[in-house]
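**Q** A structural model of the following input is requested.
(chains A and B)
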Number of protein chains: 2
Amino acid sequence: MLKDKSPSPDNYANWFTLYHLCQQIGSQKSIHINSGVLGEIIGVSQQTASRRIQDLEKLGWIERKIDGKIQIIRIPKKGADIMLKVYKTLKKILQNILIVGEVSEGIGEGGYYVAIKGYYNQFQEKLGFKPYMGTLNLKLSDLNNTLLRENLDNKRPIVINGFNDEISNRTYGAVDCFDCYISRLDEKGRKIEAAILNIERTHHDKNIIEILAEPYLRDELKLKNGDLLRIDLKTNND
Amino acid sequence: MLKDKSPSPDNYANWFTLYHLCQQIGSQKSIHINSGVLGEIIGVSQQTASRRIQDLEKLGWIERKIDGKIQIIRIPKKGADIMLKVYKTLKKILQNILIVGEVSEGIGEGGYYVAIKGYYNQFQEKLGFKPYMGTLNLKLSDLNNTLLRENLDNKRPIVINGFNDEISNRTYGAVDCFDCYISRLDEKGRKIEAAILNIERTHHDKNIIEILAEPYLRDELKLKNGDLLRIDLKTNND
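**A** Below is the predicted model:
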């Protein structure tokens, strides 16, 4: 039997009906909606939609006021809770999903930035390791890239502040880093502390990320181009 | 008919089966699982679980290798995409959900901090307005509090740096702020730029948040204790 509080098999259709209702409600307190319109939105008959609304009311996932032909629906705590439950589970699923990158040739740009003193001192201090003066480039599939970006959106970056270099009279922008672990797919017990360097550049392939670590990763993990590495973002509890 | 790419009514049960499979897979590449075990996890018979696995394979949401009595299941791009689709929709639903707080009496502590020069100058500079020297306390229901915290987790804070005050020889910690709009429930066209002050304190009711704004909100919005205010977090596009 279900151990978590996700919807039970009897309520899959009800849950998705609530999901579509919530989308319609948006940031309003409630909506007027009739079962014909709701049926069209979710792709079922008016009769089915009407039964779903009754089921949702019985479950306590919606509250309904009927005023003549108009029904006004709002989502009470119990309904919001069941949406939140699935959301949190999905968030966890996506955070856990294995993200893999393929070792690829860099153009040395990352290394150039790492070596700049104004950045280097901050990397050392804020990342907690003395990074190798170069980055490892990993190429991600579209899916892995989407998953990684989604997870980075939920994570607080380590901000490397921008600064003005008086000698060259050049301004260097702020850089976001995200701490992570890197490991070979076939040796996942050996995780190396690393950081993803989030440099925004237009001429760079968007599916390429740059990794910073203390050792020279190509030697340390015996890498050649095309090898697959596993990327585990650190959670706040790591 | 369904305009978005959320699962269609025919696939609600399949989608939830995939959801439970993903939970089982966690951060692995794949799992060995038989339909009996899967059936127990999702609360259906072995026969039903077996049919679901076949459906999922036909949909391209899972890939399956059968090796004697053992089947190995992995999630390909198409399966991850349909999970992501629902996740993103839920995220949007939760971001849009109306969050309401009840005006309540403060203990003046927020105001004390706002007035400290080392903070005040940063508030002014980083929030883009000159805050009133006090905060408005809003009490949230457990649900509203959960929703707000969930959304704040996905939002990047405006960090007010800590500092050392040489005169009192006291150290002040960093404070996170989140920009938002505040409006009366019955006058939602009039939104006032504000910020949520995220001060961590143990003796404070966890469901109370403190709001910073340029005007004295109690006068500006004609508030009395118990009035309800709407809180809209600014999105990155605001």
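
**Q** ok, longest strand in chain A?
**A** strand A:175-184 (DSSP state E).

**Q** Show residues contacting that strand.
**A** For strand A:175-184, the external contacting residues (C-beta atoms under 8 Å, 6 or more residues apart in numbering or on different chains) are A:113, A:119, A:123, A:126-127, A:136, A:152, A:155, A:157-160, A:162, A:189-199, A:211-213, A:217, A:221, A:227-234, A:238. Any C-beta I mention is one placed from the backbone N, CA and C, and that applies to glycine too.

**Q** That strand pairs with which strands, and in what direction?
**A** Here strand A:175-184 is paired, per DSSP bridges, with strand A:158-160 (antiparallel), strand A:192-198 (antiparallel), strand A:228-233 (antiparallel).

**Q** Can you give me the buried ones in the lowest-mean-pLDDT helix or strand in chain A?
**A** Least confident helix or strand, chain A: helix A:109-114 with a mean of 80, by mean pLDDT, DSSP states H and E. Residues of helix A:109-114 classed as buried: A:110-111, A:113-114 (neighbour count, 16 or more other C-beta atoms under 10 Å in any protein chain shown).

**Q** Next: stretch A:165-182.
**A** Quick answer for stretch A:165-182 (16+ other C-beta under 10 Å): A:172, A:175-182.

**Q** and A:Thr135, how many residues sit next to it?
**A** For A:Thr135, the count of nearby residues is 26 (other C-beta atoms under 10 Å in any protein chain shown).

**Q** And for the one 3 residues further on?
**A** Residues contacting A:Leu138 under the criterion other C-beta under 10 Å number 26.

**Q** after the lengthiest helix in chain A comes which helix or strand?
**A** With secondary structure taken from DSSP state H, chain A has its longest helix at helix A:77-96. Using DSSP states H and E, the helix or strand that follows helix A:77-96 towards the C-terminus is strand A:99-104.

**Q** now that following strand, how far from the centre of its chain.
**A** 17 Å (C-alpha atoms, centre = their mean, to the nearest Å).

**Q** For it, give me every contacting residue.
**A** By C-beta under 8 Å, 6+ apart, strand A:99-104 touches A:136-141, A:144, A:147-148, A:151, A:185, A:208-209, A:218, A:223-233.

**Q** and A:Arg156, what is it in contact with?
**A** Contact analysis of A:Arg156 by C-beta under 8 Å, 6+ apart lists B:156-157.

**Q** ok, now A:Gln122?
**A** A:Gln122 neighbours (C-beta under 8 Å, 6+ apart): A:160-161.

**Q** part of a helix, is it?
**A** Yes. Per DSSP: H, G, I helix; E, B strand; the rest coil, A:Gln122 lies within a helix segment.

**Q** Put together a markdown table for the buried residues of stretch A:165-182, with distance to B:Ile75 and pLDDT on each row.
**A** Listed next are those as a markdown table, based on distance: C-beta to C-beta, whole Å; pLDDT from 0 to 100:
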| residue | distance to B:Ile75 | pLDDT |
| --- | --- | --- |
| A:Tyr172 | 41 | 89 |
| A:Val175 | 33 | 89 |
| A:Asp176 | 29 | 91 |
| A:Cys177 | 29 | 94 |
| A:Phe178 | 24 | 95 |
| A:Asp179 | 26 | 95 |
| A:Cys180 | 21 | 96 |
| A:Tyr181 | 22 | 96 |
| A:Ile182 | 22 | 96 |
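
**Q** just the helices in chain A please.
**A** A:12-25, A:35-42, A:46-59, A:77-96, A:109-114, A:117-127, A:142-153, A:217-220.

**Q** Tabulate these in a markdown table, adding columns for distance to B:Ile66.
**A** Output for the helices of chain A, formatted as a markdown table (distance: least, C-beta to C-beta, whole Å):
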| stretch | distance to B:Ile66 |
| --- | --- |
| helix A:12-25 | 27 |
| helix A:35-42 | 35 |
| helix A:46-59 | 37 |
| helix A:77-96 | 25 |
| helix A:109-114 | 44 |
| helix A:117-127 | 45 |
| helix A:142-153 | 25 |
| helix A:217-220 | 37 |
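
**Q** A:Gly68 is nearest to which of those?
**A** Nearest of the helices of chain A to A:Gly68, taken as C-beta to C-beta: helix A:35-42 at 14.8 Å.
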